[in-house]
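[1] Return atomic coordinates for the entry below.
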Amino acid sequence: RITKRGSSRLRHALYMAVRSGIRDCRKQKTTDEIIPRNKRLRAFYDKKREEGKLYKVAVIACVNKLLHWIYAILKNRTTFQDIA
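    So this is what the prediction gives:
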């Protein structure tokens, strides 16, 4: 559940980042291979949708997941290791 406390600009930026991350993109314009921009985030989004969650509810769950990743990166002072 999203809360209205805190920065609305930050909420909006995180929401748009997740929407961009789960969106599909073509690897090259000459091929028909479609891959998500962020595979881990897209897998989490797909899992939530399969559970019957609405689009916005699933996106907000992804926002919370992204925040957990960001917090862990900052806390441990490591770099983001994306699975390729």
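
[2] element containing C25, please.
    Using DSSP states H and E, C25 sits in strand 24-26.

[3] I'd like the next helix or strand past that strand.
    Sequence-wise, the next helix or strand downstream of strand 24-26 (DSSP H and E) is strand 34-36.

[4] In terms of secondary structure, what does the helix or strand just after that following strand contact?
    Remark: after strand 34-36, the chain's next helix or strand is helix 39-50, criterion DSSP H and E. Packing partners of helix 39-50 (3 or more CB pairs under 8 Å, 6 or more residues apart in numbering; DSSP states H and E): helix 8-22, helix 55-76. Bear in mind the C-beta positions are built from the backbone N, C-alpha and C, glycine included.

[5] could those go into CSV alongside distance to P36?
    Rendered in CSV, the data for those read as follows (distance: least, CB to CB, whole Å):
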stretch, distance to P36
helix 8-22, 6
helix 55-76, 12
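
[6] To I2, which of these lies closest?
    helix 55-76 (5.0 Å; CB to CB).

[7] Mind listing what's buried along the closest one?
    For helix 55-76, a neighbour-count test (16 or more other CB atoms under 10 Å) marks 58-63, 65-66 as buried.

[8] Identify the residues contacting that helix?
    The list of residues contacting helix 55-76 from outside it, by CB atoms under 8 Å, 6 or more residues apart in numbering, reads 1-2, 11, 14-15, 17-19, 21-22, 41, 44-45, 48-49, 53, 79-80.

[9] Using neighbour counts, trim these to the buried set.
    11, 14-15, 18, 21-22, 41, 44-45, 48-49.

[10] Alright, I will stop here.
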